[in-house]
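J.: Return atomic coordinates for the entry below.
(one chain, ligands or ions: 1)
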Amino acid sequence: MSLRPTVDFLLYDWLDAPSLSERERFADHSRETFDAVLDTCERIAREKYAPFNRVVDTQEPHFDGEKVILPQCTHDANRAYAESGMLSAAQDYDEGGMQLPYTIEAAANGFFGLASVSIGSSLLTKGNANLLLVHGTEMQKAVFARNEFNGRFSGTMCLSEPQAGSSLSDITTRAVPDGAGFEADPLGPRYRLKGNKMWISAGEHELTENIVHLVLAKIPGPDGKLIPGTRGISLFIVPKKMVDTQGQLTGVRNDVALAGLNHKLGWRGTTNTLLNFGEGKFPVNGEAGAVGYLVGRPHEGLRCMFHMMNEARIGVGTAAVMLGLAGYYASLDYAKNRPQGRPMGPAGKDVAQPPVRIIEHADVKRMLLAQKSYCEGALALELYCARLVDEQHTGSEADADEARLLLEVLTPIAKSWPSEWCLEANSLAIQVHGGYGYTRDFPVEQYWRDNRLNMIHEGTHGIQAMDLLGRKVLMEGGKGLTLLAGRINGTIQRAIHVPEFAAHANALGQALAQVGAATKAAWSTGEPTDALANAVPYLQAFGHTVLAWVWLDVALAAHAAPASSARTGRLAAMRFFFHYELPKIGAWLQVVSSRDQTCAALPEEAF
Ligand SMILES: Cc1cc2nc3c(=O)[nH]c(=O)nc-3n(C[C@H](O)[C@H](O)[C@H](O)COP(=O)(O)OP(=O)(O)OC[C@H]3O[C@@H](n4cnc5c(N)ncnc54)[C@H](O)[C@@H]3O)c2cc1C
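T.: Okay, here's the model as predicted:
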């Protein structure tokens, strides 16, 4: 079973990706160039990533007192990725990039997630460098971003602290001006940082010459106190090793020290670190304090950081999808080969007959089709969102603005829906394997462990749900929600005329109306505590409605294709979603609409 036919179908038969080459920015591209990128990534993932997925799980990163040691395969995979040019694929030709549409980049990166999600951490490096391209000075771009895109340096995102995860307003890392001439440093206004950053992925390793940390910290007010809330937060580049204006290492180590490695449930190929900034372990010019260069204006750090969030969240969602698909493919293969049990005939089971393969049992087919419908549907959603990112960057002013608003509403779903449901797919993949799925002799338990992260990082499930119901569906007078409803209604209008899809089109119309009514009912008292008490059931119902829409739209494209097993499978996955999944939204929306306080009102002592 291969991912490629599904990717090709979604990109070419559904999203019409080659039409992107009508845009000036992508004029040199065509289906041929897109295929060449997909071929290369598929090959590197097959050769340098997939064979080592278990190695990086069992040979966890360790610290020898001086350096963090990673298996050789991790070095090889990272080098192969950098040499492929994928780090800068979306960048301008002038920057050494290929001006590749993000839609193709996102699809191509999928192959790496499928093969070994944790062996590489290129998404962080790209996100870091992209942020600098938007908010950095020319010098910061040349010294830091360019060396990240060419693979010399890697990047991190340092937001979380031990006491501040979901609530970044509570960070306490301090940044104070570094001496009298601090503003004149060619690399940017120079500060000294002190504080601890927790959970920093790829925070310490020897994979690259240098590590560029992007760090959120607070510049104290005139009274020396930290400004409460997110207003006081600024953003800094803190290189692990000091560099000159040519991007060369000066030989001086910056005051950033590894305090410890976190030992994780999964995703073990990537180091995860507690970093101490400015504790004096590596004094610079004889002084404690990590040297950091301000990015953008003071106190606008969170705004700069969140600039890249849509793409980061599409990246997390895609990773969840790929882990889900990896489990689906493994369990499909297992189900085709495992003999067990006999079919129940009118006279019971005929024990004289040989056992059948488990794929012949209806319940196993249910578990396989559930995985297919969750994961292929979610892949379609991620690629749809990636296409909106391209629209936002290259469409007309009106189209770009529409894409921006749609992304605002869809991004929490793109991040969270696969995190929950492709994880459920991984659980079903274990179930299909029976007892063997629970052992380390088969890969499915690792996929589940790796995927369990995705509901936690990049904004937890609960935080994404509150973002959706508390902010995104309300913003700009509910315009994003109206636009999304318009797109869903467009699909309904096309599907209603296809007899095979008319009932599904009606069901989707009802689901959309239910979500709209629940949104209003949740906010009918105007009290955030009433509305948001059931934000997660709202996210689940909203997400299921979006997925049903995506599946119906994909089914319209499948319907137009010639008969094939793949077409039959896609139409069945759509039907599964409508028959087994969409009806669940009634229960979720019931508690939302009634502003049910069963959980919120329960006193602590009653637990
Ligand atoms: C493997 C891994 C890699 C990571 N990589 C990075 C990284 O590279 N850079 C980085 O900066 N961070 C990183 N993180 C941190 C991650 O973003 C945080 O773990 C996450 O934001 C949650 O913060 P927390 O762990 O402090 O949990 P908390 O914020 O304490 O949350 C605990 C629980 O309480 C809930 N909760 C919290 N506040 C509310 C609220 N107001 N209303 C309702 N429920 C709430 C949450 O949803 C969650 O279920 C990583 C984490 C992990 C595990």
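
J.: Buried ones in the host helix or strand of residue 411, by neighbour count?
T.: Using DSSP states H and E, residue 411 maps to helix 397-432. Using 16 or more other CB atoms under 10 Å as the test for burial, helix 397-432 gives 402-423, 425-430, 432. Backbone N, C-alpha and C define where each C-beta goes, glycine included.

J.: Now do it, average pLDDT.
T.: Average pLDDT, helix 397-432: 98.

J.: Count the neighbours of the residue in the stretch 151-300 of the chain positioned nearest to the ligand for me.
T.: Proximity of the stretch 151-300 of the chain to the ligand (CB to the nearest ligand atom) peaks at residue 165, 1.9 Å away. Applying other CB atoms under 10 Å, we find 18 residues neighbouring residue 165.

J.: Go ahead and confirm it touches residue 199.
T.: Yes - with contact defined as CB atoms under 8 Å, residue 165 reaches residue 199; the gap is 7.5 Å.

J.: quick one on the thing from earlier: same for the helix holding residue 411, what does it pack against?
T.: The contact analysis (3 or more CB pairs under 8 Å, 6 or more residues apart in numbering; DSSP states H and E) places helix 397-432 against helix 309-337, helix 362-394, helix 444-451, helix 461-467, helix 475-495, helix 535-559.

J.: and the angle for that helix with helix 444-451?
T.: On the basis of axes from the mean of the first three to the mean of the last three CA atoms, to 10 degrees, helix 397-432 is oriented at 140 degrees to helix 444-451.

J.: now helix 397-432: how far from the chain's centre is it?
T.: Counting by CA atoms, centre = their mean, to the nearest Å, helix 397-432 is centred 9 Å from the centre of its parent chain.

J.: ok, now stretch 124-131?
T.: Remark: stretch 124-131 is offset 14 Å from the chain centroid, using CA atoms, centre = their mean.

J.: can you start the count at 23 instead of 1 from here on
T.: Right, with 23 as the first residue, what we last looked at is stretch 146-153.

J.: Give me the mean pLDDT for it.
T.: For stretch 146-153, mean pLDDT is 94.

J.: for stretch 549-567, same thing?
T.: Over the span of stretch 549-567, the pLDDT mean works out to 97.

J.: what's the neighbour count on residue 53?
T.: 13.

J.: Mind pulling up the pLDDT for it?
T.: What the model reports for residue 53 is a pLDDT of 98.

J.: Run through the residues that contact it.
T.: Applying CB atoms under 8 Å, 6 or more residues apart in numbering, we find residue 53 in contact with 34, 39, 40.

J.: out of everything not next to it in sequence, what's closest to the last one?
T.: Leaving aside its chain neighbours, residue 40 sits nearest to residue 53 (4.6 Å; criterion: CB to CB, 6 or more residues apart in numbering).

J.: Can you list the buried residues in stretch 320-331?
T.: So, applying 16+ other CB under 10 Å, buried residues of stretch 320-331: 321, 322, 323, 324, 326, 327, 329, 330.

J.: from the middle of its chain, how far away would it be?
T.: Distance of stretch 320-331 from its chain centroid, counting by CA atoms, centre = their mean, is 18 Å.

J.: Spell out which parts of the stretch 123-272 of the chain neighbour the ligand.
T.: 178, 179, 180, 181, 182, 187, 188, 221, 222, 223 (CB under 6 Å from any ligand atom).

J.: switch the cut-off to 5 Å
T.: Residues of the stretch 123-272 of the chain found near the ligand (CB under 5 Å from any ligand atom) are 179, 181, 182, 187, 188, 221, 222, 223.

J.: Not counting its neighbours along the chain, what's nearest the second one?
T.: Computed as CB to CB, 6+ apart, the closest residue to residue 181 that is not its neighbour in sequence is residue 238, at 5.2 Å.

J.: From what I see, that neighbour and residue 193 are in contact.
T.: Yes - contact between residue 238 and residue 193 holds when scored by CB under 8 Å: they sit 6.0 Å apart.

J.: anything in contact with each of the two?
T.: Taking CB under 8 Å, 6+ apart as the contact rule, residue 238 and residue 193 both touch 181, 255.

J.: so where's the stretch 473-622 of the chain shaky on pLDDT?
T.: Within the stretch 473-622 of the chain, not a single segment meets pLDDT under 70.

J.: Close to the ligand: what parts of it are there?
T.: Contacts of the stretch 473-622 of the chain with the ligand, taken as CB under 5 Å from any ligand atom, map to 479, 482, 484.

J.: Mind putting those into JSON lines with distance to residue 261 and neighbour count?
T.: Below are those laid out as JSON lines (distance: CB to CB, whole Å; neighbours: other CB atoms under 10 Å):
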{"residue": "479", "distance to residue 261": "24", "neighbour count": "17"}
{"residue": "482", "distance to residue 261": "30", "neighbour count": "15"}
{"residue": "484", "distance to residue 261": "34", "neighbour count": "15"}
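
J.: and the angle from the helix holding residue 433 to helix 384-416?
T.: Here helix 419-454 runs at an angle of 160 degrees relative to helix 384-416 (the same axes, to 10 degrees).
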